[in-house]
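Peer 1: Provided below for reference: sequence and predicted model.
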2 protein chains.
Amino acid sequence: MKTSADLTAKVPAGSAGGPRGPVGRPAGAAGVTGVTGVTGGVTAGEVLTPYLQARAGDFLRGLRLHAESGADTTGAEEAARSLRAAARRIGGTLHTFRPLLDAAWADQLRAELAWLSGTLALEHACTSRLVRLVDALSRLSSGSGPVPAARGAGGAGLTVGAARAGALLERQLTLARTRAHSAALQALGSSRFHAVADAVALLASEVPLGPAGTAPAVEVLDAPAEAVERRLLDAVAGLPLARAAHPYNAEALGLAAGEAQDAPWHQTRLLLRLHRYASEVLHTRTSPDPVLYEAGRALDRHRDAAEAATAAATAARTPRIAPATAYALGVLHADQRHEVEAARFAFQNAWRRATAAVP
Amino acid sequence: MKTSADLTAKVPAGSAGGPRGPVGRPAGAAGVTGVTGVTGGVTAGEVLTPYLQARAGDFLRGLRLHAESGADTTGAEEAARSLRAAARRIGGTLHTFRPLLDAAWADQLRAELAWLSGTLALEHACTSRLVRLVDALSRLSSGSGPVPAARGAGGAGLTVGAARAGALLERQLTLARTRAHSAALQALGSSRFHAVADAVALLASEVPLGPAGTAPAVEVLDAPAEAVERRLLDAVAGLPLARAAHPYNAEALGLAAGEAQDAPWHQTRLLLRLHRYASEVLHTRTSPDPVLYEAGRALDRHRDAAEAATAAATAARTPRIAPATAYALGVLHADQRHEVEAARFAFQNAWRRATAAVP
């Protein structure tokens, strides 16, 4: 297997362009940080502007849909999702291509978008965490696979406790979701939000570029995207991928080590997303690389499972719960940490395939 | 990957010998069921007798060592281990090659040896189960891997509970071990045991053959070993190996399904052992196939982990335990079921390699 260190070595620090095979592209094909697809005489601003304007349009559409959704919960969720997606993409682009933009404006808007998407994400996170945990409990207590659940040793204790654990988690996560929902509604009604919406509406008509924004795209667009890619490669190089490639290494099950161990994976997830957005900017007509997409999905799953495990552990610290409930929560916690390990395995698999084409 | 069904199809039912590539041997090499290594004019009895006599010698040596060990616990354990190993091999040989032996004698001695090795195995099983569980608890609560255990979410609850869970398991399994120890001592002092020892002492000087025992080895020794191999292949063909080959399939984690799901794997473990003993009889000078040995080790681990998971579940049903204790036992149970799944993965890996050489 190629190590990410090899890859990093292949990205010449500070070099502007030149043919090479970046992450997720077969050698010789259009690269993420290459300016392929950008025609000769185009300025950086002429590449950034339509992308940011399109995302600003998505944002405003999401906002209108949200206002129109009223009591339609599904519609409101859908609208919040597209608002978040647009906010993340605008924020990511402002971050990556900051050197080409009006820096003060970019920093300010990015911070506000981060606040907004963070606030909106919370409700969705509570819902999906609850679904994940309740599904896992039902899988664990009913027994998966073709063999009928019957006289299993753990069965009795787990079935008794699983129902109560499920009820406890539902109570706790529903409460958290309700709070997140109120916070989101409050945010969307705030003057702070209206200022963000105004800024995005302005962005839809005009993108404030910096002096470098008028330089030819071939000269200046490559370096910022390359910097993101380099950070991603460095982050991946720091991950214990060789260990993750061994199935059942039980590394993620050292429960006490959870958070400290998970952080570099979470960081890689964010960098991979930034990298994906940067590649969207540069290759507007290319569909995203499926293997990198898969790697990103694995890291999403890693984050979700890690947070679900934490929620199970938190629920287990509720005072005066029955031992059977605590037992089921312990099983659930370990199960979700097992999912964390499985997600790492899936990530290294996808990553290895994504980078295998690099010569 | 070759399926075991392919393999089974390659073993012609009822055929006596002929060149073919059996399990765990490269095609063309000395096969398990082939009579390679047995010279032309030798009778079946002349192959069986030295093997059984050697194992009877091992048994008697183990017995003497046990008597001499006195207060030396390690010595007594070592002696019990060789007694058990010899008893299992004699019993397995009597079972597999029953058609060539005095059947009534073989059945009777085999039943008595099964009783003896079962009784002796219990104490060892309690000890190793306790070691396995305490090790797992310490791994789970301290956090494995290079990252220091620190502020993990599950850490606090688990550390509190892990110590109490460990103490509870130690109490329960030490009690079980003490009972097993008394039972073993009682068995070794019983007239029933003396009768077994006498029978084995007789076996060391003379093996009671049946009429077929005087037939040429090339004609009669192959079929019984082949029958065992066929049963093994059938058992493996019934296992969900394709599923086991997918890491993190979470199949073994359906806790309620545990026992029913584990049984075919346990059965395969016993058949693989019988197969190994039969191959020892036929290839006295060949070292055991390392890949089949590895497959057998994986099934041992499968059995140990499944039983440890059951012990954790049983401990969790102790009345009036603290929630933190129950929580740690739940984590431990899931961890051991995870080990069950890992052992299945390891088995299918080893088995695939063992059978890959079959054309």
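Peer 2: Good, I have the coordinates.
Peer 1: CA only for contacts and neighbour counts going forward, please
Peer 2: Fine.
Peer 1: any idea of the mean pLDDT in the helix or strand where residue A:138 lies?
Peer 2: Secondary structure assignment for residue A:138, by DSSP states H and E: helix A:103-142. For helix A:103-142, the mean pLDDT works out to 94.
Peer 1: Going by neighbour count, which residues of it are buried?
Peer 2: By neighbour count on 16 or more other Cα atoms under 10 Å in any protein chain shown, the buried set for helix A:103-142 is A:103, A:106-107, A:109-110, A:112-117, A:119-127, A:129-130, A:133-134, A:136-142.
Peer 1: Tell me which helix or strand comes right after that helix.
Peer 2: Under the assignment DSSP H and E, the closest C-terminal helix or strand after helix A:103-142 is helix A:155-189.
Peer 1: Could you list the contact residues of the stretch 251-359 of chain A toward chain B?
Peer 2: With the criterion set to Cα under 8 Å from any Cα of the partner chain, the stretch 251-359 of chain A comes near chain B through A:251-261, A:309-310, A:313-314, A:316-317, A:320-335, A:338-339, A:342.
Peer 1: Mark which of those are buried, thanks.
Peer 2: A:251-259, A:261, A:309-310, A:313-314, A:316-317, A:321-335, A:338-339, A:342.
Peer 1: follow-up on the earlier one: the buried residues of helix A:103-142: which ones sit near chain B?
Peer 2: Taking Cα under 8 Å from any Cα, the overlap between the buried residues of helix A:103-142 and the neighbourhood of chain B is A:139-142.
Peer 1: so which of these would you say is closest to chain B?
Peer 2: Proximity of these to chain B (Cα to the nearest Cα) peaks at residue A:140, which lies at 4.5 Å.
Peer 1: My guess is that closest one contacts residue B:253. True?
Peer 2: Yes: under the criterion of Cα atoms under 8 Å, residue A:140 makes contact with residue B:253 at 6.4 Å.
Peer 1: which one of the ones next to chain B among the buried residues of helix A:103-142 sits closest to residue A:192?
Peer 2: Using Cα to Cα, residue A:139 is the member of these that sits closest to residue A:192, with 43.5 Å.
Peer 1: State the distance from that closest one to residue B:119.
Peer 2: According to Cα to Cα, to the nearest Å, residue A:139 stands 37 Å off from residue B:119.
Peer 1: the inter-axis angle of the strand or helix carrying residue A:197 versus helix A:155-189?
Peer 2: Secondary structure assigned from DSSP H and E places residue A:197 in helix A:191-205. Angle, helix A:191-205 to helix A:155-189, by axes from the mean of the first three to the mean of the last three Cα atoms, to 10 degrees: 70 degrees.
Peer 1: ok, now how distant is residue A:50 from chain B?
Peer 2: Applying Cα to the nearest Cα, to the nearest Å, one obtains 43 Å for the distance of residue A:50 from chain B.
Peer 1: what helix or strand does that residue sit in?
Peer 2: helix A:44-69.
Peer 1: so what does that helix touch, helix or strand wise?
Peer 2: The helices and strands touching helix A:44-69, judged by 3 or more Cα pairs under 8 Å, 6 or more residues apart in numbering or on different chains; DSSP states H and E, are helix A:73-96, helix A:191-205, helix A:217-220, helix A:258-282.
Peer 1: What residues does residue A:48 make contact with?
Peer 2: Listed by Cα atoms under 8 Å, 6 or more residues apart in numbering or on different chains, the contact set of residue A:48 reads residue A:281.
Peer 1: now swap in residue A:204 and tell me
Peer 2: When the contact criterion is Cα under 8 Å, 6+ apart, the partners of residue A:204 are A:52-54, A:56-57.
Peer 1: Can you add neighbour count and give these back as TSV?
Peer 2: As requested, the contacts of residue A:204 are exported to TSV (neighbours: other Cα atoms under 10 Å in any protein chain shown):
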residue	neighbour count
A:52	24
A:53	20
A:54	16
A:56	25
A:57	18
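Peer 1: now, the most widely separated pair of those?
Peer 2: The widest separation within the contacts of residue A:204, taken as Cα to Cα, falls between A:52 and A:57 and amounts to 8.5 Å.
Peer 1: Can you give me the pLDDT of residue A:253?
Peer 2: The confidence metric pLDDT takes the value 78 at residue A:253.
Peer 1: Good, wrapping up.
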